[in-house]
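Undergrad: A predicted structure for the sequence below; I have some questions about it.
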Amino acid sequence: MLLPRIKGPRDLDLLSQEELNQLAAEIRSFLVDAVSKTGGHLGPNLGVVELTIALHRVFDSPKDKVLFDTGHQAYVHKLLTGRQDFGNLRAKGGLSGYPSRAESDHDVIENSHASTVLGWADGLAKANEVLGRADHHVAAVIGDGALTGGMAWEALNNIAAAKDRPLVIVVNDNERSYGPTIGGLANHLATLRTTDGYERFLARGKDLLERTPVVGKPLYETLHGAKKGLKDFIAPQGMFEDLGLKYIGPIDGHDIEALESALQRAKRFSGPVIVHCLTQKGRGYEPAVQDEADRFHAVGVIHPDTGLPVSTDAASWTSVFADEMVKLGKERKDIVAITAAMLQPVGLKKFADAYPDRIFDVGIAEQHGATSAAGLATGGAHPVFAVYATFLNRAFDQVLMDVALHKCGVTFVLDRAGVTGTDGASHNGMWDMSIMQVVPGLRLAAPRDAEQLRAQLREAVLVKDAPTVVRYSKGVVGPAVPAVGRVGGMDVLRAPAPEVTRPDVLLVSVGALAPMCLEIADLLDKQGITTTVVDPRWVKPVDEALAPLADRHRVVVTVEDNGRTGGVGSAVSQALRDAGVDVPLRDFGIPQRFLDHASRKEVMAEIGLTAPDIARQVTGLVAKLDGRYDSEPAATVD
């Protein structure tokens with residue numbers, strides 16, 4: 001076995017080409033075995049085994065910076081930099097599913113949002129230039145899917161402007177992001193893939209022409225001097241070279257020797273170079289290769305031999321949305337859907353199959369997707385833009401200035417809202433309800449169960465003069481939480497006995513935390529504390545009936561799976577002040593810090609967002625109001 005002998009990148013220098021190929025095979029076997037036990041990003045990593053080996057053979061990390069866009073293809077990089085314990089991958093205390101500075105000096109970018117790597121590379125290359133580090137190199141790996149993002153092209157525009165600043169850009173072209181890559185760039189790369197390169201054309205021509213007496217060699221030199229025109233004719237990589245970027249490729253991304261040769265040439269060049277590598281997502285694992293949806297982009301626990309899930313989950317929030325969108329599409333021909341390169345993960349595949357002319361995949365371009373949605377709405381359609389909650393952050397300005405300012409009826413559906421857990425800091429959907437609070441006219445719904453998701457999605461698409469947001473959690477949707485009454489537009493989930501004239505606590509439950517809030521009420525009841533639990537359903541704007549209801553209670557408590565700063569609790573507090581309601585309020589939510597990867601349950605326990613933790617603090621608050629508090633109050637969840 002070769003893999004256990006690799007403690008760092010320089011150990012690769014000791015291996016022959018035959019041994020390197022053996023190592024690649026061992027890595028693939030390791031990945032299938034390890035990831036099948038824990039879940040994780042399998043297909044992307046199987047596709048970059050040889051490429052990662054070649055990168056670490058050519059570049060001297062960590063002195064040289066090897067950067068990965070998005071980072072879901074960094075498992076091989078971890079293995080080659082001394083991290084081979086995958087037993088707790090993505091679990092608390094185990095390896096992150098993405099690069100992590102806390103794990104290794106070889107890791108640079110932790111942000112797993114796509115299309116950022118070229119901006120990082122541009123800055124690092126500039127730092128090398130400014131600080132005189134001529135012997136330091138930067139190599140940035142970006143997929144063809146990530147190249148659909150606008151940030152990538154903004155960075156390329158700057159990179160190309162410095163023709164003498166060394167920087168290697170490796171395009172990992174597997175024709176996919178999650179699913180197949182779409183758009184004009186995808187078409188251009190497809191042309192490069194399927195056309196013989198001019199270098200090979202000239203190589204074949206050189207042999208022939210140099211055997212031609214008298215005119216052969218001069219003619220070859222003439223042709224070589226006119227190579228730009230030949231490139232455009234034979235392999236139209238001119239788009240890159242017109243930007244001022246040297247282009248090498250396409251290269252077989254599974255041929256270590258060819259990759260090393262190309263990367264060495266790029267490294268020696270004194271300016272920016274693109275190395276175009278053709279790889280196969282899921283390579284070497286037949287179940288992944290045969291999976292047309294996303295080539296096992298991300299898997300749960302699976303049987304390694306078959307690739308089939310070990311267990312089948314109950315209905316997820318995403319699947320409930322998926323089914324309801326198909327029904328809405330049948331009822332209303334103006335309903336269209338938008339995805340940012342995530343058709344399958346956000347649940348729009350069924351809609352796309354049913355209504356192929358009404359689905360628009362904009363690539364990894366959330367900003368463009370939001371503004372395009374504004375155009376669709378202005379043109380008479382009602383777009384539903386489904387996106388992970390954390391990725392809507394990227395389109396804030398467009399939501400504010402293009403959608404809201406123009407009073408466009410666009411519905412944003414936010415999947416993976418709140419604590420998501422195992423994907424780590426950049427994937428927790430903990431900012432959306434804070435960010436969206438500042439958008440004038442926007443209405444935001446947080447369904448508590450499947451029935452409410454269906455109902456509130458339908459309410460959202462009826463709004464024609466403002467943006468609407470419907471947000472829900474990751475994973476399995478819980479049991480139905482019935483209402484026992486209604487106050488204004490709010491559902492009452494629990495009410496005190498009729499004889500209680502002034503209940504102690506008004507508990508405002510946000511979204512999927514409703515079962516936990518009912519558990520809090522049960523715990524408080526055991527302490528003799530009477531509680532009303534309400535679900536606002538639409539948390540923005542704050543329901544007008546909330547202030548009068550709060551005025552009839554002694555304490556108001558809000559519980560949300562969003563950051564505490566600027567969230568629902570803050571909005572409720574402001575609404576009470578505006579209404580002249582002077583009632584103590586305690587807001588519970590996610591602290592404003594980046595949360596390490598762990599299960600959702602473990603993260604919630606760590607931040608104190610559990611029923612016992614909250615009930616204990618509320619009990620202390622009520623006791624203090626009663627004058628029964630004879631010790632210091634419990635620390636707030638912050």
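TA: Okay, I see it.

Undergrad: so what's the nearest residue to Ala404 once chain neighbours are set aside up against?
TA: Leaving aside its sequence neighbours, Ala404 sits nearest to Val439 (CB to CB, 6 or more residues apart in numbering; 4.9 Å). C-beta here means a position set from N, CA and C on the backbone, and glycine is covered the same way. By CB atoms under 8 Å, 6 or more residues apart in numbering, Val439 lies in contact with Val399, Leu400, Ala404, Pro467.

Undergrad: so how far is Ala445 from the last one?
TA: Meaning Pro467. 12 Å (CB to CB, to the nearest Å).

Undergrad: joint contacts of those two?
TA: With CB under 8 Å, 6+ apart as the test, Pro467 and Ala445 reach no residue in common.

Undergrad: who's more crowded, these two?
TA: Under the neighbour definition other CB atoms under 10 Å, Pro467 and Ala445 were set side by side, and Pro467 has more, 30 against 24.

Undergrad: just checking, that one touches Val403?
TA: Yes: with contact defined as CB atoms under 8 Å, Pro467 and Val403 form a contacting pair (4.6 Å).

Undergrad: please enumerate the shared neighbours of the two.
TA: Val410.

Undergrad: please list the outside residues in contact with the longest helix seen in the chain.
TA: Identified as the longest helix of the chain according to DSSP state H is helix 17-38. Residues outside helix 17-38 that contact it (CB under 8 Å, 6+ apart): 1-3, 6, 12, 15, 41-42, 45-46, 49-50, 53, 57, 75-76, 79, 84, 86-91, 256-257, 283-285, 299, 301-304.

Undergrad: could you point out the helix or strand that follows that helix?
TA: For helix 17-38, the succeeding helix or strand toward the C-terminus, using DSSP states H and E, is helix 43-46.

Undergrad: thinking again about what came up before, give me the buried subset of the contacts of helix 17-38.
TA: Buried by 16 or more other CB atoms under 10 Å: 2-3, 6, 12, 15, 41-42, 45-46, 49-50, 53, 57, 75-76, 79, 84, 86, 89-91, 256, 283-285, 299, 302, out of the contacts of helix 17-38.

Undergrad: can you tell me which of these are in helices?
TA: Those of those lying in helices (DSSP H): Asn45, Leu46, Val49, Glu50, Ile53, Arg57, Tyr75, Val76, Leu79, Ile256.

Undergrad: what about the residue most central in space within the chain, which SS state?
TA: Central residue of the chain (CA atoms, centre = their mean): His113, 5.2 Å from the mean position. Here His113 is recorded as coil under DSSP: H, G, I helix; E, B strand; the rest coil.

Undergrad: so how far is Lys474 from Ile335?
TA: Remark: distance between Ile335 and Lys474 (CB to CB) = 24 Å.

Undergrad: please disregard the earlier target; I meant Thr116.
TA: Distance from Thr116 to Lys474, by CB to CB: 23 Å.

Undergrad: kindly report the same for Ser36.
TA: Applying CB to CB to Ser36 and Lys474 gives a distance of 21 Å.

Undergrad: do the same with Arg454
TA: Relative to Lys474, Arg454 is positioned 18 Å away (CB to CB).

Undergrad: and those two? Which one has more around it.
TA: Lys474 (23 against 17).

Undergrad: so how far is Gln264 from the more buried one?
TA: Relative to Gln264, Lys474 is positioned 43 Å away (CB to CB).

Undergrad: cool, and Lys333?
TA: Here Lys333 is placed at a distance of 57 Å from Gln264 (CB to CB).

Undergrad: so those two - more neighbours on which side?
TA: The neighbour count for Lys333 versus Gln264, taken as other CB under 10 Å, is higher for Gln264 (14 against 10).

Undergrad: tell me how far that one lies from Phe59.
TA: Gln264 sits 10 Å away from Phe59, going by CB to CB.

Undergrad: also Ala545?
TA: For Ala545, the distance to Phe59 - CB to CB - is 62 Å.

Undergrad: between the two, who's got more neighbours?
TA: More crowded of Ala545 and Phe59, by other CB under 10 Å: Phe59, with 21 against 15.

Undergrad: can you list the low-confidence ranges for the stretch 101-250 of the chain?
TA: Within the stretch 101-250 of the chain, the stretches with pLDDT under 70 are 176-239.

Undergrad: so where do the helices sit in it?
TA: 117-130, 150-159, 184-194, 198-210, 216-225, 227-234, 238-242 (DSSP state H, counting those that start in this stretch).

Undergrad: which parts of the stretch 401-550 of the chain are strands?
TA: 411-415, 443-445, 468-471, 485-487, 490-494, 505-509, 531-535, 538-540 (DSSP state E, counting those that start in this stretch).

Undergrad: and the third one, C-alpha only, in CSV?
TA: Okay, so that is strand 468-471. Taking C-alpha atoms only, strand 468-471 is exported to CSV below (Å, rounded to 0.1, in the frame of the first residue of the first chain):
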residue,chain,number,x,y,z
THR,A,468,-41.9,37.1,-1.1
VAL,A,469,-39.6,34.6,0.7
VAL,A,470,-40.5,31.1,1.9
ARG,A,471,-37.8,29.5,4.0
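
Undergrad: tell me which strands and helices that strand is in contact with?
TA: Applying 3 or more CB pairs under 8 Å, 6 or more residues apart in numbering; DSSP states H and E, one finds that strand 468-471 contacts strand 411-415, helix 432-435, strand 443-445, helix 450-460.

Undergrad: quickly run through the sheet partners of it, with directions.
TA: With DSSP bridges as the test, strand 468-471 is paired with strand 411-415 (parallel), strand 443-445 (parallel).

Undergrad: go through these and pick out the most buried.
TA: Among those, strand 411-415 has the highest mean neighbour count (mean count of other CB atoms under 10 Å), at a mean of 27.

Undergrad: so what's the gap between it and the chain middle?
TA: Strand 411-415 has its C-alpha centroid displaced from the chain centroid by 14 Å (CA atoms, centre = their mean, to the nearest Å).

Undergrad: repeat for stretch 611-619
TA: 33 Å.

Undergrad: then stretch 592-609?
TA: 18 Å.

Undergrad: do stretch 137-151 as well
TA: 15 Å.

Undergrad: equivalent analysis for stretch 396-403, please.
TA: That offset, for stretch 396-403, works out to 20 Å (CA atoms, centre = their mean).

Undergrad: tell me how many other residues crowd Leu625.
TA: Leu625, neighbours per other CB under 10 Å, totals 13.

Undergrad: let me fix that: Pro498
TA: Neighbourhood size, Pro498 [other CB under 10 Å]: 6.

Undergrad: how much space separates it from Gln280?
TA: 68 Å.

Undergrad: what sits against Arg486?
TA: Val492.

Undergrad: and it, what are its bridge partners?
TA: Using DSSP bridges, the bridge partners assigned to Arg486 are Asp491.

Undergrad: which residues does Thr339 bridge with?
TA: With DSSP bridges as the rule, Thr339 is bridged to Asp361, Ala386.

Undergrad: wait, doesn't it sit right on Ile359?
TA: Yes: Thr339 lies in contact with Ile359 (CB under 8 Å); the separation is 7.3 Å.

Undergrad: who touches both of these two?
TA: Leu348.
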